[in-house]
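> A predicted structure for the sequence below; I have some questions about it.
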Amino acid sequence: MTFIDWAVLVVTTLFIVLWGIWKHRSARTAAGYLKGDQSLNWPTIGLSVMATQASAITFLSVPGQAYEDGLRFVQFYFGLPIAMVVIAAVFIPIYYRLKVFTAYEYLEGRFDVRVRLFAALLFLISRGLAAGITIYAPAILLSSILGWSLELTCLVIGAVVVLYTVVGGSKAVSQTQRQQMTIILLGLIAAGIAAALALPDEVSLGDAVEVAGALGRMNPVDASFALSDRYNLWSGIGGGFFLALAYFGTDQSQVGRYLGGRSVAESRLGLLFNGVLKIPMQTGILFLGVLVFTVYIFSAPPVFWNGPTLERARAAAPAAIAKVEADWNQAVAAREAAARELIRVSNDEVAADGYDQAATTLRDAQAHMNAVRKDAKAEIKAAVPTAELEDRDYIFLDCALAHLPKGLLGLLIAVILAAAMSSIASELQALGTTSTIDFHRRLSKKPIDDQKTVRISMAYTIVWGAFAIGFATFASLLDNLIQAVNILGSLFYGTVLGLFLTAFFLKKVTATPALLAAILAETLVVTLFFATSIGFLWFNVIGCGAVCGLALLFQAFIPAARPPVARGPASP
Amino acid sequence: MTTPPPASRPDPEAPPPFLGTWPRVYLAVVASQVVFVLALFGFARACS
């Protein structure tokens, strides 16, 4: 990192954090601190919702995902716009009408306190663990650049976020997210331009896309159906819809963002803004990963992306690693030659007949590289038995360090830090609010005044921050980070969403059948996760369907159940 | 003093619009995404 990079990074990050703290340091009523006095307009809500979801994982992990697997991850978001419409039409008017602080308050009015606490507990478990992963992702980046230990880096990032979240409350979180999202979008555009410029002069952007297509990276839609396939059209529209409905409609880290809106219309527009922009934005980030893939076709990639682990393997077994690296270099050279031949044939009308042959040669070269890399991973594992072999999250970082010009690297790191802080802040604020409102204040025998509510919420935010930092130190044991977060969410979201949909639409169902159904559905989902290979997105559908179906079934067999309080969805 | 011409008043006999303002917005959101995905699919097919 040069001086210019450091200057860009420090000035950008400090400005956003200090501005957030200074501007909103005086919010001291519960409504002001927890809901930002309901004064936000739709652009702020829209960017805040987007920034909450777009964590550092998005920028570290998604390009790595595209590098190895192409564009098909975008299908994960296909159900999101429909979910946004449903939330705007059904969920938001109910939350506004009941003037709730958290989504789970609604469940007590509709069922009883047990159902509210069960749903809030599932949220605290899933989001508490996810917050740890959200801290870990940028810590990978900073620790490798600064030379700090991962533990220290997690502690520093977590402490900065806890500071401005605790001091500024909900409004500071939303307002800083607006600046953070602006920096993120600018940084992404700059990174895309830099990646395109990193291609050799004789290789155009069109040539790069053609090579990526020949190697199966231009694959945004896969209409084949398989339950075990994580990303296809059907899991994206079906599972993705339920996941998005649960995440944006019932996860307090998102509900808290749009509950701060000035009106129902502002909140709706903020969510629909995301419904329109999310798929194009994710396509752009994935395309950045595809570009990185093509950049490394023409500039030698390492055999293993986690540099420090590769160094340890070289030290432990120099001969074995040297041999696989020599094989790797040959395979890389063969693939580059095949890619250049494909481009030559493609651009030469006379030689066009040889296109299929050139494409086949290129695909064979890629398959050989994959085989060599598999052997290399086995050698690394043999040399360093404790090594984590999942290295996709390091790909984009390696590319940025190698190819970005002065100043831009600092901006990109600022982008990743901004994304990390915006997500962690929302998560910690939601965890603090839910612990305070749904547990502490609800279960307290004495009434708690406004100022004490704010102080308790601050204390819980600090406690959850400490928990998330602690869990972050275990995150290196996980698979690809973006998948880890989504899998974790999918294990719990289906059940919580099922409770809300039962509350909204199955008006005959009372509290006890709903609670029993939720407990059984959660047990079923966790059992299926460990016992089967079903793609994780389907757990959202299974959990939600199980709650609704079992609740109806139990209701039929519990004649003594009390009639529910009649609260259905408001008309949009 | 003049009264507005009858044509500018809302017609109480007129049928309600097929979709209200919000449903139209919702439809536009979903339609825009369908168009984007179809265009993306077409672009990717052309590159493969």
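Yep, it's here.
> Could you find the closest non-adjacent residue to A:T283?
Of all residues not flanking A:T283 in the chain, A:V74 sits nearest, at 5.3 Å (Cβ to Cβ, 6 or more residues apart in numbering or on different chains). From N, CA and C alone the C-beta is placed, and that goes for glycine too.
> So for that neighbour, what's the pLDDT?
The per-residue pLDDT reported for A:V74 equals 94.
> ok, now A:P559?
65.
> need the contact list for the residue in the stretch 301-450 of chain A that chain B sits nearest to.
Ranked by Cβ to the nearest Cβ, the top residue of the stretch 301-450 of chain A for proximity to chain B is A:A359, at 9.7 Å. A:A359 makes contact with A:A214, A:L342, according to Cβ atoms under 8 Å, 6 or more residues apart in numbering or on different chains.
> ranges for the helices of chain B?
B:21-47 (DSSP state H).
> picking that back up, how close does the residue of the stretch 301-450 of chain A closest to chain B sit to A:G206?
Per Cβ to Cβ, to the nearest Å, A:A359 is found 16 Å from A:G206.
> and residue 45, how many neighbours?
All of this is about chain A. 28 (other Cβ atoms under 10 Å in any protein chain shown).
> Oops, wrong one, chain B.
13.
> Let me know the pLDDT of it.
B:R45 is given a pLDDT of 85.
> Please apply the same query to A:A359.
93.
> element containing it?
For A:A359, the host element (DSSP states H and E) is helix A:355-383.
> Count the neighbours of A:E202 for me.
Using other Cβ under 10 Å, the number of residues around A:E202 comes to 10.
> what about it, distance to A:A358?
16 Å.
> nearest spatial neighbour of residue 29, skipping sequence neighbours?
In the absence of a named chain, this looks at chain A. Using Cβ to Cβ, 6+ apart, the closest residue to A:T29 is A:D450 (5.1 Å).
> sorry, should have said chain B
Sequence neighbours aside, A:G275 is the residue nearest to B:V29 in space, at 4.7 Å (criterion: Cβ to Cβ, 6+ apart).
> Just the buried residues of the strand or helix carrying the one you found, please?
In the assignment (DSSP H and E), A:G275 maps to helix A:264-295. Residues A:264, A:266-279, A:281-283, A:285-295 are the ones in helix A:264-295 that count as buried (16 or more other Cβ atoms under 10 Å in any protein chain shown).
> how about the CA coordinates for the host helix or strand of A:G545, as CSV?
Element membership for A:G545, per DSSP H and E: helix A:537-557. C-alpha atoms of helix A:537-557 as CSV (Å, rounded to 0.1, in the frame of the first residue of the first chain):
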residue,chain,number,x,y,z
LEU,A,537,-32.4,-22.5,-0.3
TRP,A,538,-35.1,-25.1,-0.2
PHE,A,539,-34.9,-25.1,3.6
ASN,A,540,-36.7,-21.7,3.5
VAL,A,541,-39.6,-23.3,1.7
ILE,A,542,-39.6,-26.5,3.8
GLY,A,543,-39.5,-24.6,7.1
CYS,A,544,-42.2,-22.1,6.1
GLY,A,545,-44.5,-24.8,4.6
ALA,A,546,-44.0,-27.0,7.6
VAL,A,547,-45.0,-24.3,10.1
CYS,A,548,-48.2,-23.3,8.1
GLY,A,549,-49.2,-27.0,7.5
LEU,A,550,-48.5,-28.3,11.0
ALA,A,551,-50.2,-25.2,12.6
LEU,A,552,-53.4,-26.0,10.6
LEU,A,553,-53.1,-29.7,11.5
PHE,A,554,-52.6,-29.0,15.2
GLN,A,555,-55.3,-26.4,15.3
ALA,A,556,-57.8,-29.1,14.2
PHE,A,557,-56.7,-31.4,17.0
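> Quick check: pLDDT value at the residue nearest to B:V29.
The model's pLDDT for A:G275 equals 96.
> now A:K381
Model confidence at A:K381, given as pLDDT, is 93.
> cool, and A:S476?
63.
> before we move on, what about A:A546?
In the prediction, the pLDDT value recorded for A:A546 is 97.
> and it, what does it touch?
A:A546 touches A:G494, A:T495, A:G498, A:A517, A:L520, A:A521, A:L524, A:V525, counting by Cβ under 8 Å, 6+ apart.
> ok, and the most crowded of those?
Neighbour counts for those (other Cβ under 10 Å) peak at A:G498, which has 32 neighbours.
> what helix or strand is it on?
Element membership of A:G498, judged by DSSP H and E, is helix A:481-505.
> Can you name every helix or strand that that helix contacts?
Where contact means 3 or more Cβ pairs under 8 Å, 6 or more residues apart in numbering or on different chains; DSSP states H and E, helix A:481-505 is packed against helix A:56-69, helix A:103-110, helix A:113-146, helix A:240-250, helix A:511-531, helix A:537-557.
> quick one, it and helix A:240-250 angle?
On the basis of axes from the mean of the first three to the mean of the last three Cα atoms, to 10 degrees, helix A:481-505 is oriented at 70 degrees to helix A:240-250.
> Let me see the mean pLDDT of helix A:481-505.
Helix A:481-505 carries an average pLDDT of 86.
> Please identify the buried residues of that helix?
Neighbour-count burial for helix A:481-505 [16+ other Cβ under 10 Å]: A:481-504.
> From the chain's centroid, how far away is that helix?
14 Å (Cα atoms, centre = their mean, to the nearest Å).
> same question, stretch A:280-292
On the basis of Cα atoms, centre = their mean, stretch A:280-292 is displaced by 15 Å from the centre of the chain it belongs to.
> Show me the contact partners of it.
The contact list for stretch A:280-292, computed with Cβ under 8 Å, 6+ apart, reads A:50, A:54, A:58-59, A:62-67, A:70-71, A:73-74, A:76-77, A:188, A:191-192, A:195-196, A:199, A:208-209, A:212, A:217-218, A:220, A:395-396, A:399, B:36, B:40.
> So the nearest residue to B:F43 once chain neighbours are set aside, which state does it fall into?
Spatial nearest neighbour of B:F43, excluding adjacent residues (Cβ to Cβ, 6+ apart): A:M218 at 7.9 Å. Here A:M218 takes the coil state, with states given by DSSP: H, G, I helix; E, B strand; the rest coil.
> quick one: A:M218 and B:R45, what's the gap?
8 Å.
> Likewise for A:I416?
33 Å.
> cool, A:G410 as well?
Applying Cβ to Cβ to A:G410 and B:R45 gives a distance of 39 Å.
> next one: A:V324
A:V324 is 37 Å from B:R45, by Cβ to Cβ.
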